[in-house]
Structures are given as C-alpha cells and as structure tokens.
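Colleague: below is the structure, and that's it, no one-letter string:
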C-alpha cells in the first residue's frame with residue numbers, strides 16, 4: 001500500500017523516508033516500554049533541515065498505517081536558524097533572506113548553532 005502511494009507520486013520521497021525513520025524510533029521505544037498504542041509524537045525540525053512540514057505530516061499518516069502509531073498526531077516544533085557571530089560574540093537569528101549574516105553587525109556567521117535539527121522528542125500514549 002505504501003509503495004503504491006509513493007509510486008503514484010502522492011508523497012515526497014525525502015519526507016516519507018524521514019517519517020519511516022521516526023516511526024522506527026517510535027516502534028523501538030514503544031516495544032521497550034510495553035506500549036501498544038501511540039497517540040502523538042513530538043519532533044523538532046530545524047529551518048535548514050530540508051524538511052517540508054506539510055509533506056512530513058502527510059507522509060506520517062501514510063507511514064504509520066497499520067502500526068502502533070496509526071492515527072497518531074505528529075506534533076512538529078519548528079526550530080529557527082541561529083548562528084554564532086564571531087564579531088559580536090553572540091548567538092543571533094539571521095533575518096529572512098539574508099543568508100548567514102549577523103543581523104546586528106552584518107558579518108558572515110557560518111557557525112550554525114540551531115536549525116539543522118531533526119529530532120524525535122517524545123511520544124504520548126494512552127493512560
């Protein structure tokens with residue numbers, strides 16, 4: 001069923017692979033904790049992760065069919081880009097469209113502190 005939906009072009013291959021990887025982590029945690037059903041899964045996704053939110057949400061629904069997480073909600077916390085500016089000696093959030101320039105001094109700040117994350121944070125299970 002999953003292969004048929006992918007073959008028909010109903011989802012993005014990158015996000016389906018991310019959803020399957022997340023599901024693998026959820027399955028392992030559920031097995032370790034003796035959980036039979038997962039209601040929600042919390043993830044952190046960085047601005048530079050290359051993951052499209054809507055595609056990931058759709059892919060999650062497809063990937064979790066007939067699994068411990070079927071029907072679960074994928075809750076995505078979006079992590080903004082933050083760089084470390086050597087010139088200012090501080091962490092800064094570049095302005096949209098400015099690349100990796102410090103918004104305070106304008107210097108290039110290629111040291112990324114946050115924004116590349118793709119992290120499984122938690123899962124909610126029935127009481």
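Modeller: Noted; the coordinates are in hand. Since this is a predicted model, take the numbers as computed values, not measurements. Residues are numbered from 1 along each chain as shown.

Colleague: rest of the way, CA atoms for contacts and neighbours
Modeller: OK.

Colleague: quick one, strands of this structure?
Modeller: With strands called from DSSP state E, the chain shows them at 40-46, 73-79, 82-85, 90-92, 111-114, 118-124.

Colleague: mind checking these for the one nearest to residue 19?
Modeller: Nearest to residue 19, of all the strands of the chain, is strand 73-79, at 9.7 Å by C-alpha to C-alpha.

Colleague: and the longest helix seen in the chain, what does it pack against?
Modeller: Secondary structure of the chain read by DSSP state H shows that its longest helix is helix 13-33. On a contact count with 3 or more C-alpha pairs under 8 Å, 6 or more residues apart in numbering; DSSP states H and E, helix 13-33 meets helix 53-63, strand 118-124.

Colleague: the same query, at a cut-off of 6 Å, please.
Modeller: The elements that helix 13-33 packs onto, with contact taken as 3 or more C-alpha pairs under 6 Å, 6 or more residues apart in numbering; DSSP states H and E, are helix 53-63.

Colleague: just checking, what packs against the helix it packs on?
Modeller: Contacting helix 53-63 under the criterion 3+ C-alpha pairs under 6 Å, 6+ apart are the following elements: helix 13-33.

Colleague: which residues are in contact with the helix it packs on?
Modeller: Among residues not part of helix 13-33, those counted as contacts by C-alpha atoms under 6 Å, 6 or more residues apart in numbering are 56, 59, 60, 63.

Colleague: thanks a lot, see you next time.
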